[in-house]
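S.K.: Provided below for reference: sequence and predicted model.
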Amino acid sequence: VDPNESGDYPACPLLRYTGVFCPGCGGLRSVHAVAHGDLAAALGANALATVGYALFAAFWAVWLLRSVQGRAVSLPLRAGHWWALGGLVLAFTVVRNLPFGGFLAP
């Protein structure tokens, strides 16, 4: 089902009641565009999610390769990494809701 057509999926509650785009707004349209090979539309719908999909695919490919080779896979994330990720998501959310960040809005 195409998420760009209204009526198929519920609206984001945060957007509906406050008018503020959450960090996930446009994520479903983004994954739909990636699945159909339209990277420009995916980046326009939710750039952060699109980059996240690419990072996940890269990690999964490394994991698969190392698993086939019988080698261990580890992702050493420390507390600082999680704080940096949270800060990035927060900054993305704030910027996409400001007038000069309209290019990040879905």
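M.R.: That came in fine, so what should we check first? Residues are numbered from 1 along each chain as shown.

S.K.: from here on, contacts and neighbour counts on C-alpha atoms
M.R.: Fine.

S.K.: quick check: pLDDT value at residue 42.
M.R.: For residue 42, the pLDDT comes out at 95.

S.K.: three-state assignment of the closest residue to it other than its chain neighbours?
M.R.: Nearest residue to residue 42, sequence neighbours excluded (CA to CA, 6 or more residues apart in numbering): residue 30, at 4.1 Å. Judged by DSSP: H, G, I helix; E, B strand; the rest coil, the three-state class of residue 30 is helix.

S.K.: do you know the pLDDT at the residue nearest to the spatial centre of the chain?
M.R.: Most central in the chain under CA atoms, centre = their mean is residue 49, positioned 1.1 Å from the mean C-alpha point. If you check residue 49, the pLDDT there is 95.

S.K.: now stretch 83-103, how far from the centre of its chain.
M.R.: Centre-to-centre, stretch 83-103 and its host chain are 12 Å apart (CA atoms, centre = their mean, to the nearest Å).

S.K.: hmm, who's touching it?
M.R.: Stretch 83-103 is touched from outside by 20-23, 44, 48, 104-105, with contacts defined as CA atoms under 8 Å, 6 or more residues apart in numbering.
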